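Peer 1: Attaching a predicted model along with its sequence, questions to come.
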Amino acid sequence: VLVTQDPAEAVAGAHLVNTDVWASMGQEDEADARIKRFTPYQVTPAMLDLADDSVIFMHCLPAHRGEEVSAELMDDPRSVVWDQAENRLHAQKALVEFLLVD
């Protein structure tokens, strides 16, 4: 495990880059400070260019385009966020069925 504060070092050679929102529900009062602090860590196409050629980008959604992820990366061919969301939906449906069916 590599612990670093350098985004370029963090993604170098990576096969997967994942992020989440910087301020979740209930943290709205901290949002401006978090945006200022975390802006250097925004995931962008240029950042993914430093990763492995097979890199994929994931985000658990909902995303704030232009904050933790650049607007264009959400629709980049390396982004699998929409497939990820669809797969999560099917997994959640299966879990509900498992919990409700004898």
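Peer 2: Received it, and whenever you're ready, just let me know what you need. Numbering: from 1, shown residues only.
Peer 1: Helices of this protein, start to end?
Peer 2: 7-11, 31-38, 45-48, 81-100 (DSSP state H).
Peer 1: Go through those and pick out the most buried.
Peer 2: helix 45-48 (a mean of 16; mean count of other CB atoms under 10 Å). Every residue, glycine included, has its C-beta placed from N, CA and C.
Peer 1: could I have that one exported to CSV, CA atoms only?
Peer 2: Provided in CSV are the C-alpha atoms of helix 45-48 (Å, rounded to 0.1, in the frame of the first residue of the first chain):
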residue,chain,number,x,y,z
PRO,A,45,-8.4,12.9,-18.1
ALA,A,46,-4.8,14.2,-17.7
MET,A,47,-4.5,12.4,-14.4
LEU,A,48,-5.7,9.1,-16.0
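Peer 1: Name the surrounding residues that touch that helix.
Peer 2: Contacts with helix 45-48, where a contact means CB atoms under 8 Å, 6 or more residues apart in numbering, come from 7-8, 11, 17, 55, 57, 70, 72-73, 76, 78.
Peer 1: Apply 7 Å and report the result again.
Peer 2: Applying CB atoms under 7 Å, 6 or more residues apart in numbering, the contact partners of helix 45-48 are 7, 11, 17, 55, 57, 70, 72-73, 76, 78.
Peer 1: what mean pLDDT would you report for it?
Peer 2: Averaged across helix 45-48, pLDDT comes to 98.
Peer 1: now stretch 80-88
Peer 2: pLDDT averaged over stretch 80-88 gives 98.
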